[in-house]
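Student: Below are the sequence and a predicted model; questions follow.
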Amino acid sequence: MTILTVMVSGLRAQDETTWLMEVGLGGGGSFYMGDANQSLYRNTNGAASVIARYNFNPRFSVKGIMGAAGISGSPDGSFGELPQQDIPDFSRTVYGFSLQAEWGFLGYMANEWAGGSRLAPYGLAGLGLDFIPAPAANDFALSIPLGLGLRYKLSDRTNIGFEWSMHFTGSDRLDVGGSSRGNGLENPLLINGKGLKNKDSYCVTMLYLTFDVFRKPCHCNDE
């Protein structure tokens with residue numbers, strides 16, 4: 001075995017000794033979609049998240065994300081004339097936790113010569129639980145986040161990313177204000193839908209920064 005072969009084998013083994021997890025923070029904007037808004041990015045509010053990602057391999061990861069997303073709206077943004085009068089604007093915060101599976105379109109790693117890419121897009125899907133407190137009655141809702149992202153490895157242990165995700169909830173009460181009469185913005189057209197039909201959703205667009213922790217054990221010398 002030549003010296004060059006040993007060096008190349010050592011570099012490949014070092015590259016395969018990846019980091020198991022990432023932890024970090026994200027921030028950006030959020031908006032609500034429902035009876036009081038049918039337009040993207042109308043009434044955008046602030047959003048913040050704490051992120052922990054476990055990397056099974058360069059193409060597949062599972063992420064836990066806990067965050068807060070502001071939502072707001074008014075009857076002026078509805079898709080039709082609402083039957084009730086004197087419906088107030090609303091402004092609330094959604095606190096949520098979700099587990100998301102991510103699959104990369106490219107292998108994500110620092111060394112591009114090993115077949116990976118420092119810049120890698122990915123898709124995500126998951127399941128979450130949201131809590132929406134006052135001004136209306138406290139509300140809990142299951143949610144299904146779906147989205148796309150792009151991450152870039154700044155260094156061996158530092159990552160930045162951009163992510164867009166739509167969270168489809170099982171609640172029609174995200175837009176209920178504290179003083180609305182009748183149904184207000186909760187089913188204003190009196191249409192009872194099953195499943196996710198006639199339910200509210202919200203979108204989060206964020207930039208994030210994560211750091212790699214817990215190095216994956218290397219078994220390169222076992223053979």
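Tutor: In hand now; what should we look at?
Student: got a list of what the residue most central in space within the chain touches?
Tutor: The residue lying closest to the centre of the chain (C-alpha atoms, centre = their mean) is Ser165, at 4.9 Å. Applying C-beta atoms under 8 Å, 6 or more residues apart in numbering, one finds that Ser165 lies in contact with 124, 145-147, 149, 203-204. Where C-beta positions appear, they are placed from N, C-alpha and C, glycine not excepted.
Student: What sits closest to Ala125 if chain neighbours are left out?
Tutor: Leaving aside its chain neighbours, Ala125 sits nearest to Leu146 (5.4 Å; criterion: C-beta to C-beta, 6 or more residues apart in numbering).
Student: Which helix or strand contains the one you found?
Tutor: strand 139-153 (DSSP states H and E).
Student: helices or strands up against that strand?
Tutor: Judged by 3 or more C-beta pairs under 8 Å, 6 or more residues apart in numbering; DSSP states H and E, the packing partners of strand 139-153 are strand 90-104, strand 119-132, strand 158-169.
Student: residues of that strand that come out buried?
Tutor: Buried positions in strand 139-153, judged by neighbour count with 16 or more other C-beta atoms under 10 Å: 139, 141, 143-145, 147, 149, 151, 153.
Student: can you map out the strands along this structure?
Tutor: Under the criterion DSSP state E, the chain contains strands at 19-33, 45-57, 60-73, 90-104, 119-132, 139-153, 158-169, 201-215.
Student: Paired strands for the fifth one, with orientation please.
Tutor: Based on DSSP bridges, the strands next to strand 119-132 in the sheet, each with its direction, are strand 90-104 (antiparallel), strand 139-153 (antiparallel).
Student: Of all those, which one is nearest Asn198?
Tutor: Asn198 lies closest, by C-beta to C-beta, to one member of the strands paired with strand 119-132: strand 139-153, at 13.6 Å.
Student: Cool, thanks, talk later.
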